[in-house]
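Enquirer: this one's structure only:
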């Protein structure tokens with residue numbers, strides 16, 4: 001999304017400097033609207049400084065905090081849960097005891113830091129659609145990195161070996 005915002009601001013800058021401020025690492029400590037403007041006090045986390053500004057519009061990206069939505073209470077008995085109360089998400093995003101409940105962007109604790117990454121949405125959607133349909137509707141790349149995660153066995157993995165007649169000079 002930040003790339004789309006940048007592109008839009010770039011297009012607008014052709015006609016003059018866009019009157020936009022994007023602030024990261026800030027927490028709003030006070031917001032008021034005494035008149036036609038919105039007065040904002042921010043605290044910058046890294047610099048431990050307060051910033052104040054007045055604006056006509058305010059858009060806040062409030063971060064990501066995982067939680068179990070209340071609407072799942074009605075089917076909680078059909079979901080696999082970990083002892084700590086979080087859903088037990090399998091490799092292909094299933095949490096249902098009967099293979100009928102799936103999640104997206106709720107697997108940070110089982111799938112790692114890419115779970116909330118919207119850029120991974122196409123991959124997750126392909127995995128889910130293939131699983132739900134029981135057939136390969138969309139191809140899913142099996143090897144997308146040179147890096148291996150976890151305790152992967154080396155048997156069968158390609159390795160770089162020096163040919164027997166190669167020089168060992170450095």
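Expert: Received the coordinates, thanks. None of these values were measured; they are calculated from a predicted model. Numbers count the residues shown, from 1 in each chain.

Enquirer: domains of this structure?
Expert: Domain segmentation of the chain under automatic domain parsing yields 2-55, 70-133.

Enquirer: okay, these in a markdown table with distance to residue 139, mean pLDDT and mean neighbour count next?
Expert: For every residue, glycine as well, the C-beta is placed using N, CA and C. Formatted as a markdown table, the domains of the chain follow (distance: least, Cβ to Cβ, whole Å; pLDDT from 0 to 100; neighbours: other Cβ atoms under 10 Å):
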| stretch | distance to residue 139 | mean pLDDT | mean neighbour count |
| --- | --- | --- | --- |
| domain 2-55 | 25 | 81 | 11 |
| domain 70-133 | 7 | 85 | 14 |
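
Enquirer: closest to residue 140 out of the ones you listed?
Expert: domain 70-133 (5.0 Å; Cβ to Cβ).

Enquirer: can you give me how far the closest one is from the chain middle?
Expert: Distance, stretch centre to chain centre, for domain 70-133: 14 Å (Cα atoms, centre = their mean, to the nearest Å).

Enquirer: same check on stretch 31-45?
Expert: 28 Å.

Enquirer: pull up the distance across that stretch, start to finish.
Expert: Terminal residues of stretch 31-45 lie 17 Å apart, using Cα to Cα, to the nearest Å.

Enquirer: can you give the contact residues for it?
Expert: 23, 25-30, 49-58 (Cβ atoms under 8 Å, 6 or more residues apart in numbering).

Enquirer: try 7 Å
Expert: 23, 25-30, 50-56, 58 (Cβ atoms under 7 Å, 6 or more residues apart in numbering).

Enquirer: go on, stretch 95-113?
Expert: Contacts of stretch 95-113 (Cβ under 7 Å, 6+ apart): 66, 75, 78-80, 86-89, 93-94, 115-116, 124, 128.

Enquirer: determine which two of these are furthest apart.
Expert: Maximum pairwise distance in these, criterion Cβ to Cβ, is 24.2 Å, between 78 and 116.

Enquirer: helices of this protein, start to end?
Expert: 2-13, 108-111, 121-133 (DSSP state H).

Enquirer: out of the contacts of stretch 95-113, who's nearest residue 135?
Expert: residue 128 (13.0 Å).

Enquirer: so how far is residue 103 from the closest one?
Expert: Per Cβ to Cβ, to the nearest Å, residue 128 is found 9 Å from residue 103.
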